[in-house]
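Colleague: I'll drop the sequence and a predicted model, then ask my questions.
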Number of protein chains: 2
Amino acid sequence: MLGTQAAERPPMPAPTPAPSALPAGSVRRRAGRPTAAILDQDGITTAALELISNKGYNGLTMAALARSLGVAPSALYNHVASKDDVLLLVEDHLAAMVDVSAFGSEPWDVAVRRWAWSYRDVFSEHTPLIPVIAVLPVANAPKTLAMYEAVTAGFRDAGFPEEKIISAIVALEAFVFGAAYDVTAPEDIFDAGSLAEQVPNFTAAVDRLAAEEHARPTDVAFNLGLEALITGFGALRK
Amino acid sequence: MLGTQAAERPPMPAPTPAPSALPAGSVRRRAGRPTAAILDQDGITTAALELISNKGYNGLTMAALARSLGVAPSALYNHVASKDDVLLLVEDHLAAMVDVSAFGSEPWDVAVRRWAWSYRDVFSEHTPLIPVIAVLPVANAPKTLAMYEAVTAGFRDAGFPEEKIISAIVALEAFVFGAAYDVTAPEDIFDAGSLAEQVPNFTAAVDRLAAEEHARPTDVAFNLGLEALITGFGALRK
DNA sequence: GTGATAAATGAATGCCATTCATTTATTGGT
DNA sequence: ACCAATAAATGAATGGCATTCATTTATCAC
């Protein structure tokens, strides 16, 4: 790890000191507005996603983001108000990747199933966004809003009583977000270790599930909960 | 803002400089092991909870924690390995406050209902813990483990097939954690603002729910989802 | 009694988001 | 065609943060 970083950024100054924030080979940009704008929100979003994909959310710093865009960190603040703002851009990009295509073409239960699995899969790779999303007004996230619109229309067309649609979506979303965290949990999360004797029922149940040898226990739990929600909510339709 | 801070902490040194890490009035402790230990995990947990209660999770820093305990920040590391370790202590303390008393005395569905509401209520005040909990092996959290034991026993006694117990609890927990975030969301989170016209179904559904004038819409959604899960899971019992 | 260990201080370290003064280029109004 | 306002960049701070380390002092086990 440290060795790799050192290779990228030699601690000693190179003969011709490499400009610290520019792609290799380019000349250091002088201060002042450049002829053509370098940054925009789309580019920042793309670079952020690339960084997250390569280095994870720990690697997503304003400095690293600036560096990958060949720009000084402070330049980012001409286009976003804060790091949370960057996270919002990323979130909205991801929302567009959630599959809502089945609403309008497939039966309601099939559509909900496809949407929820897709939603969970997308955000299980991006759980650090969840605390941000959960509290963020949708007004600033057009693609997220578009997702809600598609889902809402699907519920309405399926005969859902209108006053219950938002509550049902909120409940499903809560389940999806919680389940997204579960995907990231280590396999041995339920290993009670030295305390196992003190929690015999729990230990037995954990062992009994392990004996089933499911490829992904987290998927079993998600399926169980999702089917219960679909069945329960399906009964509300007129 | 700046003026207020300056008033609390004058930039110029006071005549008798106040010791920075000690409760008012006490003498600065000299270096070296004190006769009686000042810190232990219980004290750290209590101080952390107090700090969170007064200043929120933003106010919970290792420096602030040390200060409230009358100790240098580095002293904390003789008792916890990291800040995440402090969060784990807090989490385990809270787990003990979750109401599992109905398991063993009340019918299964009543017990699940009481547990889930209580669980959500406790952690909705502590959502920053959720990312930590979700990934943390239970072996290091005895009170959390005790909660799982009580719930597992309740499910088993209710005739739940043993291989499904953990999956059902995991699903319920996912829903609880997601719903805990929802509690903290601002009221106008679903206000589409200027984009309202582009999402007519969504806007209509939001308005229709608002017209119901529920005291806490988040509770309506939680109730809806929880009852669906209870009904769905209840059918699995032998 | 003595060596190992435990628990404190205090001084660093390095990383981080963010701000600000400054420079340069574009744009819109007259 | 000018000129003021604005936009977009640099580069140098700033302050906060968790964590580490050398050092000091006290207790505990043998």
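Modeller: Thanks, I have the structure now.
Colleague: can I see the domain layout of chain A?
Modeller: A:38-80, A:93-234 (automatic domain parsing).
Colleague: report the distance from the shortest one to the chain centre.
Modeller: Counting by CA atoms, centre = their mean, to the nearest Å, domain A:38-80 is centred 17 Å from the centre of its parent chain.
Colleague: span of it from start to end?
Modeller: With CA to CA, to the nearest Å applied, domain A:38-80 spans 14 Å between its terminal residues.
Colleague: residues in contact with the most centrally placed residue in chain A?
Modeller: Against the mean C-alpha coordinate of chain A, by CA atoms, centre = their mean, the closest residue is A:H126 at 2.8 Å. For A:H126, the contact set (CB atoms under 8 Å, 6 or more residues apart in numbering or on different chains) comprises A:I52, A:Y57, A:V90, A:E91, A:L94. C-beta coordinates here come from the backbone N, C-alpha and C atoms, glycine included.
Colleague: buried ones in the longest helix seen in chain A, by neighbour count?
Modeller: For chain A, the longest helix by residue count, based on DSSP state H, is helix A:162-184. Buried residues in helix A:162-184, counted by 16 or more other CB atoms under 10 Å in any protein chain shown: A:162-183.
Colleague: for that helix, name the packing helices and strands.
Modeller: Applying 3 or more CB pairs under 8 Å, 6 or more residues apart in numbering or on different chains; DSSP states H and E, we find helix A:162-184 packed against helix A:108-124, helix A:130-135, helix A:142-157, helix A:217-234, helix B:130-135, helix B:162-184, helix B:200-211, helix B:217-234.
Colleague: same thing but 6 Å
Modeller: Secondary-structure packing of helix A:162-184 (3 or more CB pairs under 6 Å, 6 or more residues apart in numbering or on different chains; DSSP states H and E): helix A:108-124, helix A:142-157, helix A:217-234, helix B:162-184, helix B:200-211, helix B:217-234.
Colleague: winner for burial among those helices?
Modeller: Greatest average neighbour count among the helices and strands packed on helix A:162-184 goes to helix B:162-184 (a mean of 24), per mean count of other CB atoms under 10 Å in any protein chain shown.
Colleague: one step back: with distance to B:T46 and mean pLDDT added, can I get the helices and strands packed on helix A:162-184 in a markdown table?
Modeller: Shown next, in a markdown table, are these (distance: least, CB to CB, whole Å; pLDDT from 0 to 100):
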| stretch | distance to B:T46 | mean pLDDT |
| --- | --- | --- |
| helix A:108-124 | 35 | 98 |
| helix A:142-157 | 40 | 98 |
| helix A:217-234 | 34 | 98 |
| helix B:162-184 | 23 | 98 |
| helix B:200-211 | 41 | 98 |
| helix B:217-234 | 30 | 98 |
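Colleague: in JSON lines, list those helices along with distance to B:S82.
Modeller: Shown next, in JSON lines, are the helices and strands packed on helix A:162-184 (distance: least, CB to CB, whole Å):
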{"stretch": "helix A:108-124", "distance to B:S82": "25"}
{"stretch": "helix A:142-157", "distance to B:S82": "34"}
{"stretch": "helix A:217-234", "distance to B:S82": "26"}
{"stretch": "helix B:162-184", "distance to B:S82": "22"}
{"stretch": "helix B:200-211", "distance to B:S82": "42"}
{"stretch": "helix B:217-234", "distance to B:S82": "33"}
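Colleague: ok, which of the ones you listed comes nearest DNA strand C?
Modeller: helix B:162-184 (19.3 Å; CB to the nearest atom of the strand).
Colleague: quick one: the closest one to helix A:162-184, angle?
Modeller: Orientation of helix B:162-184 against helix A:162-184 (axes from the mean of the first three to the mean of the last three CA atoms, to 10 degrees) gives an angle of 120 degrees.
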